[in-house]
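sequence plus the predicted model coming up.
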Amino acid sequence: MHDDRTLVEARLERVLRERVRPAIHPVSVPLAVEIWTAPGEPVPVTEGLAAPTRPIDPGTPWGAPWGTSWFKVTGTVPAEWAGRTVEALLDLGFTQRTPGFQCEGLVYRPDGTPVKGLHPRNTHIRVGSPVAGREHVRWHVEAASNPDIHSGDAPFRPTRKGDRATAGHAPQYVLGDMRLAVLDQTVWNLAMDLEVLGELMPELPLEGARRWEVLRAVDRALDTLDLQDIGGTAQAARDQLAEVLTEPADPVTHRISAVGHAHIDSAWLWPLRETVRKVARTASNMTTLLEDEPDFVFAMSQAQQFAWIKEHRPEVYARVTKAVTDGRFVPVGGMWVESDTNMPGSEAMARQFVHGKRFFLDEFGLEDDEVWLPDTFGFAAGLPQIIKAAGADRLLTQKISWSRTNSFPHHTFWWEGIDGTRIFTHFPPVDTYNCEMTASQVHHAARNFKEKGAATRSLAPTGFGDGGGGTTREMVAKAARLRNLNGSPTVEWEAPSAFFTKAQAEYPNPPVWVGELYLELHRATLTTQAQTKRGNRLSESLLTEAELWAATAALRTGHPYPYEDLDRIWKTVLLHQFHDILPGSSIAWVHREARETYARLAGELNHIVEVAQRALAGDATGGTELVFNPAPHARAGVPAGGASALAPTEREVEPRPRDEGGYVLDNGQVRVVIDARGLVVSVYDIVAGRESIAPGQAANLLQLHPDLPNEWDAWDVDAFYRNTGSDLIDVTLLAAEGAAVRVERAFGSSRVTQLLSVPAGTKRLDIHTEVDWHETERLLKLAFPLDVKADRYASETQFGHVYRPTHQNTSWEWARFEACNHRFVHVEEFGWGAAVVNDSTYGHDVTRSVRDDSGTTTTVRASLLRAPRYPDPETDQGVHCFRHALVPGAAIGDAVREGYRANLPERRVAGTATEVPPLVGVDNDAVVVSATKLADDRSGDLVIRLYEAHGGRARATVRVDAAARGRTVFADLLERPLTGAEQPGQDEDGIVLALRPFEMVTLRVERV
């Protein structure tokens, strides 16, 4: 037989494109369309429905950036269509770009009931099946003219359209056709048959018989099809395909669990207010699809998005609730949002699960075991313990497939965290969370699956995501044909829990990955939008304080505990930890609002702290000044979590001029030499008798690098940035200023001012840096070259710290050239170490070099600022403040303590009290209290969360003040007593704990 394969395949492509797909809707009539444009922000549905409209014709431009227009669409079904299936096709002016990145709409009936969402791959509204004829139809479409920020032809081009204030008013779209049309379901099904087989053929081996069987069946079907009468011959053509479409799959083929999904970024290239509408559109579409497709299952994460639907679109929420009850609309993830997991602090990461899981329990009575984070930019090594403590034990993500240097070796595995907790984890080998159920995608999943021979199952999140949209009827139709098809992996719709149960049953002993799941991409998200990151860190610290002092005041004085305020503020902070807000990768509008929100929250939290401390301190006219210490370690005589009037003020030593220029700061424990350039050339540990700074080098060195990554401007810093750079050593002012040395520099269009000081009684150099930043595509770092031979270093993460090598022996180590820390980075050789602590930065790098004297220099560099131009062209422009400290001679415990000190400063309050004893005391500094609060259920019980912070075993006695004393039990993160677990021991001194390295526990003191 002659080889006519390419001829048949080309024939199939053209017949589908030019004959079959156009015949799906063989006849149509135009609809009448009128428009009203809202003058500003979106209006309530009732206002949009009642607004005066004017006629608009297809081809008419409409929609300024970020605008909202209401279309009224009316028409009559022709009488001759009686008995046929009819639907409306509404084209708002869609381009062929992916849904969610352009205009979109939500269709309403005249009574305000939502029908479904519109996007470029889902433009139909069912009128009837069948219709009687002569029906009058009327819909209202709330259409969002969101600009296409991520344009396909130039996806990283700077644009001013990311904020309504700068986007302009030019119309973005041209209205397309809006028509009533007959749907020929036989032709539609023929199109699905041909698409599936056409996509399948290239995936089959040329030498295999199956590919040629499919080719011959397609050829016969095309011969049977009359191109002048597609509708009349479609069924006959389908009959020619029936045999190859029903031939069953090989029993040992790969098994794909399809899960309907629409990963919706809670903010990204659109503001938060638009996401509120996106989730309503998508949920409307998915509940409609669930009604039409009995096998389909849809999963949606992020409790915040459910809460938005409940608040803003209660009619849609009612449909969601019913579908959840039916078990087909599945809440997953158990988190408030799909957050970043690198930068959120310990308590914030825990509260993501507390508020997410509690919402699903309260609303639906459901608690899932799966954490769902398909798009998060890497995973901190402290996360497994938090997941387990929240009552979950499974994790799904896809993002690690984006790594550019190394291919992750597993798709299903145990992930082990810093404390030893293991979580059953799956990376879908389909390598997308927006699967469209094409044959190329499902075959890629099968070929790519790294567990072949040991396991057979993977999951495919199916539907349009990022900007929403969800699964389409075409995807469902393709999945039905792939359910059990020879030559293809099998496909079955099922909930994530069903997949995980089956996957774990067949593969109970997968390989183990220990430590962080580092994404070898998007490293700059640890630095971009510094003010957003500072707002996050400050909010976390203030929430720690607010809960501590409010609980203390409530139990000591009866002061009202601000349950509602704290709940609302926590949820707002958690929302802003979404993986495109806190990482700095959203448009200007998002970060402008974030800055405003953080400022408002800081005011509210400071008020909560102040009124609680006032209740504890007594009358402000009293002559006593109380020092409140919110940190988990005693400070200058003030106990952790308490207040004292006896604590001396921490003083700073006066600078002493040097003959050769510069200054010396010496407090008897550490001597700091600042040269005439304002650089720190010596930090001598007087107690240990050794130098901290590498010979011939200088610390407090600001370094400026060019920073234009190959793509993903706000997200990425590429390794080649290190090839060039400049040291900022020119000084415009060097002077003593009180107890500090003031250093001023100018570079480019920017200025920097630093204050360097050494507090009395400490081994610490404090550095306060203020930068008025007006650079473009530059990266600013602060360097500390240390005379330490460290083969690894520690950086703080949730409930502990993670070690990373300083060398680059392997490609895995080379690729980790920028990493995340929380409050400290610590380097150490045997017997001596040093820490660099901060109050708001996350990105850093640590490198090592060997000097001519064979000594080793370990350089710690904090990343301060970037200036990418996409998606926010004004990223980081303006004034920024940072606080860092170098702590010579620091052991890991000192790094922990100084990190908390930098982030939880003392407060001074005048009053009549002489002290405020802490509610909770711990007799071992290795055991750190991360939260002291009243239980969320308003029982008045005290909740205490603690963890082992040094990385070793620790015994500790926890003393609880008489005002809160009662029966103490272990609890989970949701503050539910753990049943069946050994309860904490108690003796006359308090609660006795024995903790593993980095173990975190929650205690609930049940007051009687």
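Here it is on my side, so go on. Residues are numbered from 1 along each chain as shown.

residue ranges with poor pLDDT in this structure?
In the predicted model of the chain, residues 152-153, 647-652 satisfy pLDDT under 70.

what do you get if the cut-off is 50, keeping everything else the same?
For the chain, no stretch is flagged by pLDDT under 50.

nearest residue to the middle of it?
If you average the C-alpha coordinates of the chain and look for the closest C-alpha using CA atoms, centre = their mean, you land on His579, 2.2 Å from that point.

is it true that that residue touches Met343?
No. With contact taken as CB atoms under 8 Å, His579 and Met343 are classed as non-touching, separated by 9.8 Å. C-betas here are computed from N, CA, C, even on glycine.

does the residue nearest to Asp716 when sequence neighbours are not counted sit in a helix, a strand or a coil?
Spatial nearest neighbour of Asp716, excluding adjacent residues (CB to CB, 6 or more residues apart in numbering): Pro709 at 3.8 Å. Under DSSP: H, G, I helix; E, B strand; the rest coil, Pro709 falls in the coil class.

Pro709 and Leu779, how far apart?
10 Å (CB to CB, to the nearest Å).

anything in contact with each of the two?
Common contacts of Pro709 and Leu779 (CB atoms under 8 Å, 6 or more residues apart in numbering): 524, 717, 721.

how would you label the last one: helix, strand or coil?
Read it as Tyr721. Secondary structure for Tyr721, judged by three-state DSSP, is helix.

so where does the residue nearest to it when sequence neighbours are not counted fall, helix or strand?
The spatially closest residue to Tyr721, leaving aside those adjacent along the chain, is His705, at 4.8 Å (CB to CB, 6+ apart). Using DSSP states H and E, His705 maps to strand 701-706.

partner strands of that strand, with direction?
strand 726-728 (antiparallel), strand 778-786 (antiparallel) (DSSP bridges).

so which of those strands gets nearest Arg677?
Across the strands paired with strand 701-706, the minimum distance to Arg677, taken as CB to CB, is reached by strand 726-728, at 9.5 Å.

now do the helices in the stretch 1-150 of the chain.
5-15, 21-23, 45-50 (DSSP state H, counting those that start in this stretch).

doesn't Ala895 belong to a strand?
No. When the secondary structure is assigned by three-state DSSP, Ala895 falls in helix instead of a strand.

residues touching the nearest residue to it once chain neighbours are set aside, list them.
Using CB to CB, 6+ apart and skipping residues adjacent in sequence, the residue nearest Ala895 is Ala835, 3.7 Å away. Contacts here follow CB under 8 Å, 6+ apart; on that basis Ala835 touches 824-827, 886-887, 890, 894-895, 898-899.

between those, which sits nearest Glu988?
Asp894 (31.6 Å).

neighbours around the closest one, how many?
Counted with other CB atoms under 10 Å, the neighbours of Asp894 add up to 21.

go on, Pro314?
For Pro314, the number of neighbouring residues by other CB under 10 Å comes to 10.

gap between it and Val115?
Shown here: Pro314 relative to Val115, a distance of 15 Å by CB to CB.

ok, now Ser692?
68 Å.

could you do Leu190 as well?
Taken as CB to CB, the spacing of Leu190 relative to Val115 amounts to 28 Å.

still on that earlier bit, format the helices of the stretch 1-150 of the chain as a markdown table; extra columns: distance to Leu756.
Written out in a markdown table, the entries for these read as follows (distance: least, CB to CB, whole Å):
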| stretch | distance to Leu756 |
| --- | --- |
| helix 5-15 | 69 |
| helix 21-23 | 70 |
| helix 45-50 | 58 |
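
can I get the ones you listed in CSV including distance to Ile729 and mean neighbour count?
CSV is the format used below for the helices of the stretch 1-150 of the chain (distance: least, CB to CB, whole Å; neighbours: other CB atoms under 10 Å):
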stretch, distance to Ile729, mean neighbour count
helix 5-15, 64, 14
helix 21-23, 66, 16
helix 45-50, 60, 15
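
out of the ones you listed, nearest to Val297?
When those are compared by CB to CB, helix 21-23 sits nearest Val297, at 27.7 Å.

could the contacts of Ala835 go into JSON lines alongside secondary structure?
Converted to JSON lines, the contacts of Ala835 look like this (three-state DSSP):
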{"residue": "Phe824", "secondary structure": "strand"}
{"residue": "Val825", "secondary structure": "strand"}
{"residue": "His826", "secondary structure": "strand"}
{"residue": "Val827", "secondary structure": "strand"}
{"residue": "Leu886", "secondary structure": "strand"}
{"residue": "Val887", "secondary structure": "strand"}
{"residue": "Ala890", "secondary structure": "coil"}
{"residue": "Asp894", "secondary structure": "helix"}
{"residue": "Ala895", "secondary structure": "helix"}
{"residue": "Glu898", "secondary structure": "helix"}
{"residue": "Gly899", "secondary structure": "helix"}
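
would you mark the buried spots in stretch 620-627?
Of the residues in stretch 620-627, 622, 624, 626-627 count as buried by neighbour count, 16 or more other CB atoms under 10 Å.

repeat that for stretch 769-783.
Within stretch 769-783, the residues that count as buried by 16+ other CB under 10 Å are 769, 771, 773, 775-776, 778-783.

and for stretch 356-375?
In terms of neighbour count (16+ other CB under 10 Å), stretch 356-375 has its buried residues at 356-360, 363-364, 366, 368-375.

give the contact list for Val33.
With contacts defined as CB under 8 Å, 6+ apart, Val33 is in contact with 55-58, 71-73, 175, 178.

which residues does it bridge with?
Following DSSP bridges, Val33 is listed with bridge partners Val73.

the helices in the stretch 551-700 of the chain, which residues?
Taking DSSP H, counting those that start in this stretch as the criterion, the stretch 551-700 of the chain carries its helices at 563-575, 588-617.

out of those, nearest to Gly100?
Closest to Gly100 of the helices of the stretch 551-700 of the chain is helix 588-617 (CB to CB; 15.6 Å).

can you give me the buried ones in the closest one?
In terms of neighbour count (16+ other CB under 10 Å), helix 588-617 has its buried residues at 588-594, 597-598, 601, 604-605, 608-609, 611-617.

now swap in stretch 412-429 and tell me
Neighbour counts over stretch 412-429 (16+ other CB under 10 Å) mark 412-419, 421-429 as buried.

just the ones of these in helices?
Using DSSP state H, no member of the buried residues of stretch 412-429 falls in helices.

looking at the residues you listed, which are in strands?
Applying DSSP state E to these, the entries found in strands are 412-416, 422-426.

ok, which pair from these is furthest apart?
Checking those against each other with CB to CB, the farthest-apart pair comes out as Glu416 and His426, at 15.3 Å.

between the contacts of Ala835, which sits nearest His150?
For these, with His150 as the reference and CB to CB as the criterion, the closest is Val825, at 34.4 Å.

I'd say the closest one and Val836 touch.
Yes. Counting by CB under 8 Å, Val836 is a contact partner of Val825 at 5.0 Å.
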